[in-house]
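Novice: Turn this into a model:
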Amino acid sequence: MVNVGDGRSVSDVLPDDELWQKTWSSNFESALKTARTFLPMLEKSKGCFLFVSSIAGLEAFGAPTDYSTAKTAIIALAKNMARKLAPNVRVNVIAPGNVYFKGGSWDGKIQQDKKRVDEIIKSTVPMDRFATPQEVADSAVFLCSDKASFITGATGLLGKKYAEAVACYGGTPILLDLSQQSVDYLANELNEKYKVDSVGFEIDITNEEKIENNAKQLIEKFGRIDGLVNNAANNPKVEDSSKVNFSRLENFPIDTWNDDLSVGLTGSFLCAKHYGHKIAQNSNGGSIVNISSDLGLIAPDQRLYKKDNVDDNLQNVKPVTYSVVKTGLIGLTRYLATYWADKGVRCNVMCPGGVENGQPIDFLKEVNARIPMGRMAKSDEYQGTLIWMLSDASSYLNGSIVPVDGGRTVW
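Specialist: From the prediction side, this is the model:
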């Protein structure tokens with residue numbers, strides 16, 4: 001973990017050479033030297049770098065020019081190292097917001113003009129407070145014990161892995177899907193293996209009445225709801241057709257459009273409306289995690305699906321609804337992140353990359369060439385990120401878009 005810098009906070013617009021060099025040296029150059037020192041060991045052990053930048057490296061909001069520049073450079077360093085060192089060494093960076101601690105720079109400002117600092121907090125931070133040092137430190141660990149979390153689409157390929165992760169770390173997975181037999185089987189499996197109290201419900205998440213009643217039922221059973229994972233979605237397939245290719249935009253059926261948006265967006269909205277409302281009634285709030293995709297951040301590369309000797313109007317494409325739904329979930333996340341922030345409810349979105357699951361070798365070769373780590377994900381590789389986002393280890397993470405894609409969206 002590379003956390004360097006002087007923590008200075010002044011109002012310089014264009015600092016003199018001495019101050020510039022001091023800031024650059026204590027931030028970026030220190031990070032670079034630390035990385036050079038430990039790189040041989042991490043390459044040997046296939047370890048991980050975690051750089052600590054700052055929100056000042058992501059956006060301009062009044063931080064000193066030299067500080068913002070150095071922190072932006074650390075993010076660029078991490079991205080470039082991630083590309084070049086994958087897949088043997090993983091490289092990531094966290095960018096904390098303002099941190100308050102006794103004797104720190106913000107402590108001094110509060111002593112001088114508390115009213116002004118309060119105005120700054122209210123105008124820039126939806127959660128109406130700065131982070132604590134412990135909250136930033138906790139971003140490197142996670143804990144999820146004794147928390148009841150809903151998981152929609154729980155019996156799907158990734159839904160099962162999310163449920164298993166919650167159970168493994170001591171939480172209570174509440175499983176929602178379209179088959180009672182499937183959710184019962186998974187709940188029993190989790191309860192036997194992890195000694196938890198998982199339960200499953202056959203729920204169509206586009207049916208608001210059923211969701212509302214289920215939320216009330218679960219409050220009666222568990223007393224509280226701590227988390228929600230909006231994972232359910234139709235997965236529009238890229239399919240062949242001898243006459244008409246319905247995956248193509250010009251042929252895409254309006255009924256399929258409505259069905260896909262109903263599950264992926266309307267269903268997530270309804271779950272947030274009712275389960276999220278219950279979370280907001282907790283004394284300490286909770287966490288909502290929406291599951292988007294790397295294709296919520298970038299457009300699908302339709303060349304991946306193109307086949308030789310097939311007419312253009314019959315070529316397969318990734319259907320439009322996938323991109324629309326996954327991008328829409330990012331917008332829903334931003335809205336929810338500010339809506340219940342005063343109640344302690346955080347909302348963030350994970351953007352996973354594709355999972356290897358029996359795809360043709362030619363397809364894997366093409367898609368792997370577009371990923372710095374040179375491969376698609378394994379189905380269990382999103383578990384750690386999910387637990388971190390659900391748990392108090394990420395207690396100051398709110399409104400964040402978290403790509404977990406092997407670096408694909410870096411390119």
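Novice: got a pLDDT number for Ser182?
Specialist: Note on Ser182: pLDDT of 97.
Novice: List the contacts of Cys351.
Specialist: 292-294, 296-297, 326, 330, 401-405, 409 (CB atoms under 8 Å, 6 or more residues apart in numbering). Every residue, glycine included, has its C-beta placed from N, CA and C.
Novice: Try it again at 10 Å.
Specialist: 290-298, 326, 329-330, 401-405, 408-409 (CB atoms under 10 Å, 6 or more residues apart in numbering).
Novice: low-scoring pLDDT stretches of the stretch 151-300 of the chain, where are they?
Specialist: 236-242 (pLDDT under 70).
Novice: the helices in it, which residues?
Specialist: 157-168, 180-194, 208-222, 254-261, 267-271, 277-280 (DSSP state H, counting those that start in this stretch).
Novice: between those, which one is nearest to Ile94?
Specialist: Within the helices of the stretch 151-300 of the chain, the stretch nearest Ile94 is helix 157-168; the backing value is 20.4 Å (CB to CB).
Novice: Run the chain-centre distance for the helix or strand containing Trp20.
Specialist: Assigned by DSSP states H and E, Trp20 falls within helix 17-24. Between the centre of helix 17-24 and the centre of its chain there are 35 Å (CA atoms, centre = their mean, to the nearest Å).
Novice: Can you list the buried residues in that helix?
Specialist: Of all the residues in helix 17-24, those buried under the rule 16 or more other CB atoms under 10 Å are Leu19, Trp20, Thr23, Trp24.
Novice: Identify, from the residues you listed, the entry nearest to Ser149.
Specialist: Lowest distance from Ser149 to the buried residues of helix 17-24 (CB to CB) belongs to Thr23, with 42.0 Å.
Novice: Which residue comes closest to the closest one once chain neighbours are left out?
Specialist: Spatial nearest neighbour of Thr23, excluding adjacent residues (CB to CB, 6 or more residues apart in numbering): Asp66 at 4.0 Å.
Novice: Kindly report the same for Gln383.
Specialist: Ala165 is the one closest to Gln383 (CB to CB, 6+ apart), at 3.7 Å.
Novice: Tyr194 versus that neighbour, what's the distance?
Specialist: Going from Ala165 to Tyr194 by CB to CB, to the nearest Å gives 10 Å.
Novice: I figured the residue nearest to Gln383 hits Ser379, correct?
Specialist: No: look at Ala165 against Ser379 with CB atoms under 10 Å: they stay out of range, at 11.3 Å.
Novice: ok, those two, which is more surrounded?
Specialist: Ala165 (24 against 14; other CB atoms under 10 Å).
Novice: Identify, by residue count, the longest strand of the protein.
Specialist: Counting by DSSP state E, the longest strand found in the chain is strand 345-352.
Novice: Helix or strand next in line after it, which one?
Specialist: Past strand 345-352, the next helix or strand by DSSP H and E is helix 361-368.
Novice: packing partners for that following helix?
Specialist: Using 3 or more CB pairs under 10 Å, 6 or more residues apart in numbering; DSSP states H and E, no helix or strand is in contact with helix 361-368.
Novice: Now that helix: average pLDDT?
Specialist: 96.
Novice: Return that helix as PDB; C-alpha atoms alone will do.
Specialist: Taking Å, rounded to 0.1, in the frame of the first residue of the first chain, the C-alpha atoms of helix 361-368 are listed here in PDB:
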ATOM      1  CA  ILE A 361     -12.000 -20.100 -28.400                       C
ATOM      2  CA  ASP A 362     -12.000 -17.500 -31.200                       C
ATOM      3  CA  PHE A 363     -14.200 -15.200 -29.200                       C
ATOM      4  CA  LEU A 364     -12.000 -15.500 -26.100                       C
ATOM      5  CA  LYS A 365      -8.900 -14.800 -28.100                       C
ATOM      6  CA  GLU A 366     -10.400 -11.500 -29.400                       C
ATOM      7  CA  VAL A 367     -11.900 -10.300 -26.200                       C
ATOM      8  CA  ASN A 368      -8.800 -11.200 -24.200                       C
END
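Novice: So which residues make contact with that helix?
Specialist: For helix 361-368, the surrounding residues in contact (CB under 10 Å, 6+ apart) are 238, 301, 303-307, 353-354, 356, 358-360, 374-376, 406, 408.
Novice: returning to that earlier point: residues of the longest strand of the chain that come out buried?
Specialist: For strand 345-352, the buried set under the neighbour-count rule, 16+ other CB under 10 Å, comprises Val345, Arg346, Cys347, Asn348, Val349, Met350, Cys351, Pro352.
Novice: what's the farthest-apart pair in these?
Specialist: Within the buried residues of strand 345-352, Val345 and Pro352 form the most distant pair, 22.5 Å apart (CB to CB).
Novice: all helices of the stretch 1-150 of the chain, in order?
Specialist: Under DSSP H, counting those that start in this stretch, the stretch 1-150 of the chain gives helices at 17-24, 30-45, 65-85, 105-124, 133-137.
Novice: And for Gln134, the neighbour number?
Specialist: 11.
Novice: Please parse the protein into its domains.
Specialist: 1-95, 98-131, 141-410 (automatic domain parsing).
Novice: Out of the ones you listed, indicate the one that is most buried.
Specialist: domain 141-410 (a mean of 18; mean count of other CB atoms under 10 Å).
Novice: quick one on the thing from earlier: want to throw the helices of the stretch 151-300 of the chain into a markdown table with distance to Thr385?
Specialist: Shown next, in a markdown table, are those (distance: least, CB to CB, whole Å):
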| stretch | distance to Thr385 |
| --- | --- |
| helix 157-168 | 9 |
| helix 180-194 | 19 |
| helix 208-222 | 25 |
| helix 254-261 | 25 |
| helix 267-271 | 18 |
| helix 277-280 | 20 |
